[in-house]
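# Fold the following, please.
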Amino acid sequence: LQISGYLNLLANTIDNFTHGLAVASSFLVSRKVGFLTTMAILLHEIPHEVGDFAILLRAGFDRWSAAKMQLSTALGGIVGACFAICVQSPKGAGETIAWILPFTSGGFLYIALVNVVPDLLEEKNPWNSLQQVLLLCTGIT
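As a prediction, this is how the structure comes out:
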């Protein structure tokens with residue numbers, strides 16, 4: 001098995017940990033924010049997990065092992081959610097989400113920008129670059 005498969009699993013576990021932080025802390029704000037955050041993360045995770053599964057197959061995992069390893073990375077999300085709940089301040093959720101939601105949002109933006117900016121720098125057509133920047137800003141908004 002190639003090391004890239006294991007590195008992908010580590011990255012996926014950390015990613016799922018931050019998702020768990022975001023979901024749990026969003027539900028501490030309100031049910032509406034919690035459900036919106038959950039839906040956004042689910043829409044992000046479906047193609048992400050399919051891509052990670054393909055990476056594991058290419059790294060030498062068989063289908064069953066890749067599926068089991070992908071499922072095991074989901075435990076990172078559960079740990080993240082438990083962590084967000086456990087660090088909840090006795091003064092209320094307001095102090096907890098004061099640092100968790102900005103931390104997870106910043107992490108998501110960082111990951112998105114790391115994936116997008118190199119492509120923008122290589123883009124030859126300024127119109128395509130402008131479209132991508134506008135869509136990125138729309139997503140951030």
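
# tell me the mean pLDDT over stretch 9-16?
The average pLDDT for stretch 9-16 rounds to 89.

# Likewise for stretch 64-79?
Average pLDDT, stretch 64-79: 92.

# Find the residue closest to Ile85 in space, skipping its chain neighbours.
Ala24 (5.5 Å; C-beta to C-beta, 6 or more residues apart in numbering). All C-beta atoms are positioned from the backbone trio N, CA, C, and that covers glycine.

# ok, how many other residues are close to that neighbour?
Neighbour count of Ala24, defined by other C-beta atoms under 10 Å: 26.

# Contacts only, for it.
Applying C-beta atoms under 8 Å, 6 or more residues apart in numbering to Ala24 gives the contacts Gly80, Ala81, Cys82, Phe83, Ala84, Ile85.

# Farthest pair within those?
Based on C-beta to C-beta, the longest span within those runs between Gly80 and Ile85 and measures 9.9 Å.

# Which parts of the chain belong to which domain?
Split into domains by the TED database, the chain comes to 1-88, 94-140.

# Single out the most deeply packed of these.
domain 1-88 (a mean of 16; mean count of other C-beta atoms under 10 Å).

# what about that one, distance to the chain center?
7 Å (C-alpha atoms, centre = their mean, to the nearest Å).

# Starting from whichever helix or strand Tyr110 is part of, tell me the next helix or strand along the chain.
Assigning secondary structure by DSSP states H and E places Tyr110 in helix 93-122. Scanning forward in sequence from helix 93-122 by DSSP H and E, the next helix or strand is helix 126-140.

# averaged over its residues, what pLDDT does that following helix have?
The average pLDDT within helix 126-140 is 81.

# Just give me how far it sits from the chain centre.
Offset of helix 126-140 from its chain centre (C-alpha atoms, centre = their mean): 21 Å.

# Who are the packing partners of that helix?
Where contact means 3 or more C-beta pairs under 8 Å, 6 or more residues apart in numbering; DSSP states H and E, helix 126-140 is packed against helix 93-122.
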